[in-house]
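*Asks:* Using only what follows, build the 3D model:
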Amino acid sequence: MIFERLDPADTAGISEMSAVASAIVREHYDPILGTQQNDYMLEKFRSPEAIKEQLEHGYSYYFVGDKSNRLGFAAFYPRGDAMYLSKLYLYKEERGKGYSRLILDLVKDKAREEGLSAIELNVNRFNPSIAVYEHLGMRRIRSEKNDIGSGYYMDDYVYRLDF
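*Replies:* As a prediction, this is how the structure comes out:
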């Protein structure tokens, strides 16, 4: 598995990251959230402008791939006493192959480099990926409902992995 860190000055890479994110998130979340909310969230959180701003505010974005293909991506940043895993997405055909564990290992390594000993993430309460996070040893610590504007909410569980 190859992890390629996105450089904040790489405008072509930022555009590619946005395209990868849009393709994966649209396929995965349209059935969960509906097209309208997902379109809103894609523009708000995964547009090239949003990704550039996140990079400028301490996010690390990584393309996940093999020697010839992009398989997905991850994004995270230090928050409080944990590394916050903001995004971990794989193309549908790449799921179930053990890649999530390898990505989580990368995030753990980066957390340790920052002196952190935990990973936290939010996951939509209707997302079937919850089973993956639990399989990887994460535990649910609370529920959150966050207003993201335009009448939309993120209705999530928060998961944590201490190490």
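*Asks:* And the helices in this protein?
*Replies:* 11-33, 35-46, 48-56, 99-113, 130-135 (DSSP state H).
*Asks:* packing partners for the first one?
*Replies:* If you count contacts as 3 or more CB pairs under 8 Å, 6 or more residues apart in numbering; DSSP states H and E, helix 11-33 packs onto helix 35-46, helix 48-56, strand 60-65, strand 70-79, strand 82-90, strand 118-124. The way it works is simple: take the backbone N, C-alpha and C, and place the C-beta from them, glycine included.
*Asks:* Show me what the mean pLDDT comes to for it.
*Replies:* For helix 11-33, mean pLDDT rounds to 96.
*Asks:* That helix: which residues count as buried?
*Replies:* Neighbour-count burial for helix 11-33, with 16 or more other CB atoms under 10 Å as criterion, is recorded at 13-14, 16-18, 20-22, 24-25, 28-29, 33.
*Asks:* And the third one, by the same measure?
*Replies:* Residues of helix 48-56 classed as buried under the neighbour-count rule (16+ other CB under 10 Å) are P48, A50, I51, K52, Q54, L55.
*Asks:* mind saving the C-alpha coords of the lowest-mean-pLDDT helix or strand in the chain as PDB?
*Replies:* Least confident helix or strand of the chain, by mean pLDDT, DSSP states H and E, is helix 35-46 with a mean of 94. C-alpha atoms of helix 35-46 as PDB (Å, rounded to 0.1, in the frame of the first residue of the first chain):
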ATOM      1  CA  THR A  35     -28.500  13.500  -3.000                       C
ATOM      2  CA  GLN A  36     -29.300  17.000  -1.900                       C
ATOM      3  CA  GLN A  37     -27.600  16.800   1.500                       C
ATOM      4  CA  ASN A  38     -24.700  14.900   0.100                       C
ATOM      5  CA  ASP A  39     -24.200  17.600  -2.700                       C
ATOM      6  CA  TYR A  40     -24.200  20.300   0.000                       C
ATOM      7  CA  MET A  41     -21.600  18.400   2.100                       C
ATOM      8  CA  LEU A  42     -19.400  17.700  -0.900                       C
ATOM      9  CA  GLU A  43     -19.300  21.400  -1.700                       C
ATOM     10  CA  LYS A  44     -18.800  22.400   1.900                       C
ATOM     11  CA  PHE A  45     -16.200  19.800   2.900                       C
ATOM     12  CA  ARG A  46     -14.700  18.200  -0.200                       C
END
